[in-house]
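Undergrad: Fold the following, please.
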Amino acid sequence: MKQLKPIIWGIAIIALGVIFGGNALGLFNLDIFFDGWWTLFIIVPSVISLFTDKEKLSSLGFIATGVILLLAAQKVFTYEVAWQVILAVFLVIAGITLIIKTTFHNKNDAEVMKKVKEAEKDPSKMDSQVAIFSGSERAYKDEVFQGANLAAVFGGVDLNLKKAKFASDTVIKAFTLFGGINIVVPSNIKVKLKSGFIFGGFSDDRKNPTEDSKHTIYIDAAGGFGGITITDKDEK
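TA: As a prediction, the model looks like this:
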């Protein structure tokens, strides 16, 4: 699935190039600048995400948004009605998401929450990174990692644990709202996750995640209109 997204984007870009080239050479006359053509910048990425990302409901919400705005541009109904319908769609999807996250929890969620509650008894051990309309970076180098509270609101947080030392199991609490959090973990550390997002998602991009490790990082991830990514590759 991770390789499918760039392939689909590549096909879409090639198709756009063929249309522009064909129009310029007079081979055909396809007008892509119809009323509401700009809604394709909402619809196309959302359709691609529907097939490549795990969070399907948020993709469906943005597809619906694009289609509703396209219909408004085509004067099927007014923009005032369109925004009311879009609000209704997002409220319904948000409600469904909350019900699913609350009802269909698993054993892994309970284990993570148990560790989170234990960590909250001594919060002084946990580092904090907060980015509000800004960015925050923290890289451990031969330091013992004992846990972290991460928050990104209209900003980004990067936590690099590639060279960190682990003396025990640890907890990371991560929250993002219209922002992003990137966590780099060593390939020999096990990760267990509990996540709850509304129009956002969690992505585990580790190439070879281990299931046999002495220590585990328990991640409690939540947010809206944002994303949290775990990787074992240090981009820098």
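Undergrad: helices or strands up against the lowest-mean-pLDDT helix or strand in the chain?
TA: One helix or strand of the chain scores below all others by mean pLDDT, DSSP states H and E: helix 107-120, with a mean of 72. Other helices and strands packing on helix 107-120, by 3 or more Cβ pairs under 8 Å, 6 or more residues apart in numbering; DSSP states H and E, are strand 170-177, strand 190-198, strand 216-224. C-betas here are computed from N, CA, C, even on glycine.
Undergrad: in the helix or strand following it, what counts as buried?
TA: Later in the chain than helix 107-120, the nearest helix or strand by DSSP states H and E is strand 127-132. Buried residues in strand 127-132, counted by 16 or more other Cβ atoms under 10 Å: 129, 131.
Undergrad: Relative to its centre, which residue of the protein is most distant?
TA: No residue in the chain sits farther from the centre than residue 26, which is 42.3 Å out by Cα atoms, centre = their mean.
Undergrad: phi, psi of it?
TA: phi 80, psi 20 (degrees, to the nearest 10).
Undergrad: gap between it and residue 14?
TA: Distance, residue 26 to residue 14, by Cβ to Cβ, to the nearest Å: 20 Å.
Undergrad: what pLDDT does the residue farthest from the centre of the chain get?
TA: pLDDT recorded at residue 26 is 81.
Undergrad: From residue 17, how far off is it?
TA: Going from residue 26 to residue 17 by Cβ to Cβ gives 16 Å.
Undergrad: can you list the residues that contact the least confident helix or strand of the chain?
TA: 125-126, 147, 169-171, 173, 192-194, 218-220 (Cβ atoms under 8 Å, 6 or more residues apart in numbering).
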